[in-house]
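>>> Sequence plus predicted model, see below.
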Amino acid sequence: MIERINLTPDYNISRIIKGGWHLAGGHGQISEREAIKDMLQFVQAGITTFDCADIYTGVEEKIGKFLNVHKDAFSSGNLPPIQIHTKYVPDYAALATLSKKDTESIIDRSLKRLGVEQLDLVQFAWWDYQFPRYIETALHLQELQEKGKIRHLGATNFDGQRLQEMIDAGVNFLAHQVQYSVLDHRAEEDLIPVQQAHGISTLCYGVIAGGFLSDRYLNQPSPEPPFENRSLTKYRLIIDEYGGWEQFQDALKVLAELAQKHNTGIAEIASRYILDKQNVAGIIVGARNTRHIDKLIKVGSIKLDGDDHDILNQLKQESKGPGGPFYALERVKDGPHGRIMKYNLNEA
């Protein structure tokens, strides 16, 4: 069984969420027909919550086509309802002048791409705090929620200070999507306490570090660029922040021992660890195809005990980083994390 959770009394999601970034290109060639076929198998397995974004090229459209192909099965109840979490990520070039009209135009485009009358959850992102319009823009999104175009509002990749600023301005967020893994605990420091104080659930990406937290990389030499896909490029930098490849291998060995204890794999232990974290409602897993479904289902049956958590928490104590406010490293445009970003993908 795939675990489920109520984010509100009338909004229920699967705790394992099917990620969509890998369908946007940058992760190899994607067959639209196969992607839509795979979506059906995930839903049939109980993974009914999908994560996407307006800047994930072609992904909202693919999910929209999936909904249309199976509309009769959804309307008849032969398929369970699905929940679609998208994002609103204004272009860096637009941040200084962004208007309510601009925001509504992109929200309307997401509605059209998905073929729905209301977006289940819109997660708002902002590239650079030197442009202070993020508060105003969040309030514009809330107005669109009041108009019925958005069911729930969320945020993604804000730090605790800026999230609190938007809350103080009157914005009501249901969830906040963050990068969170055995290698990256930044959200615990300045962010999750704010969320807990205001009843904002945590949705997590990067839980298996783009696939690095898996048996595939145990006892292997450090891969050299160019990497196979954008996820590996991104999370290899996180491994450097954590302490480098050698220290990462030590962490994999610890995870492998726990995996052997629970008769599972490293990725499943890493996933369970984050699902067990305080305030975490769900994890976003970018499974490329359906062969991962059985492993994802198995995550629900893993029961980490106190000793297991102590062992995994010790990895955090031994790590060198990443540190600082959440997502601060990624906001340095000329730094290693910022240089790999694509800042202007959302031309309306």
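Now that the structure is in, tell me what you want to look at. Model, not experiment: these values are computed from the prediction.

>>> Need phi/psi at Ile17.
When read as degrees, to the nearest 10, the backbone of Ile17 gives phi -110, psi 130.

>>> what does the model give it for pLDDT?
On pLDDT, Ile17 comes in at 98.

>>> Could you tell me how many residues sit around it?
Neighbourhood size, Ile17 [other Cβ atoms under 10 Å]: 25. Heads up, the C-betas are built off the backbone N, CA and C, glycines and all.

>>> so how far is Ala281 from it?
9 Å (Cβ to Cβ, to the nearest Å).

>>> Common neighbours of the two, please.
Residues touching both Ile17 and Ala281 (Cβ atoms under 8 Å, 6 or more residues apart in numbering) are Leu203.

>>> Grab the most central residue of this protein for me.
Tyr205 (3.4 Å; Cα atoms, centre = their mean).

>>> Settle this for me: that residue is touching Ile284, isn't it.
Yes. In this structure Tyr205 lies within contact range of Ile284 using Cβ atoms under 8 Å: 4.5 Å.

>>> where do the contact lists of these two overlap?
Gly19, Asp51, Gln177.

>>> In TSV, list the residues you listed along with secondary structure.
As requested, these are exported to TSV (DSSP: H, G, I helix; E, B strand; the rest coil):
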residue	secondary structure
Gly19	coil
Asp51	strand
Gln177	strand
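
>>> among the residues you listed, which ones are buried?
Neighbour counting over the shared contacts of Tyr205 and Ile284 (16 or more other Cβ atoms under 10 Å) leaves Gly19, Asp51, Gln177 as the buried ones.

>>> residues contacting the first one?
Same thing as Gly19. By Cβ under 8 Å, 6+ apart, the neighbours of Gly19 are Asp51, Tyr205, Ile284, Val285, Gly286, Ala287.

>>> Give the closest residue to it in space, chain neighbours not counted.
Gly286 (3.7 Å; Cβ to Cβ, 6 or more residues apart in numbering).

>>> if I look at that neighbour, how far off is Ile200?
According to Cβ to Cβ, Gly286 and Ile200 sit 23 Å apart.

>>> Return the per-residue confidence for the residue in the chain sticking out farthest from the centre.
The outermost residue of the chain, judged against the average C-alpha position, is Ser76 (30.3 Å), by Cα atoms, centre = their mean. Ser76 is assigned a predicted lDDT (pLDDT) of 98.

>>> just Phe212 next, same as before
97.

>>> again with Asp108
98.

>>> how about it, what does it touch?
Taking Cβ under 8 Å, 6+ apart, we find Asp108 in contact with Lys149.

>>> what's the distance between Trp127 and Thr86?
Relative to Thr86, Trp127 is positioned 17 Å away (Cβ to Cβ).

>>> next one: Val171
Noted for Val171: a distance of 18 Å to Thr86, by Cβ to Cβ.

>>> again with Leu315
From Leu315 over to Thr86 (counting by Cβ to Cβ), the distance is 33 Å.

>>> More neighbours: those two, which one.
Thr86 (28 against 20).

>>> That one should be in a strand, yeah?
Yes. Judged by three-state DSSP, Thr86 forms part of a strand.

>>> Can you give me every residue that contacts it?
By Cβ under 8 Å, 6+ apart, the residues touching Thr86 are Asp51, Cys52, Ala53, Asp54, Glu60, Ser110, Leu114, Leu119, Leu121, Val122, Gln123.

>>> Could you do Gln164 as well?
Here Gln164 is in contact with Val194 (criterion: Cβ under 8 Å, 6+ apart).

>>> Just read off the phi/psi values of it.
phi -60, psi -40.

>>> Begin at 203, not 1, for the rest of this chat.
Will do, 203 is the new start, and the previous item becomes Gln366.
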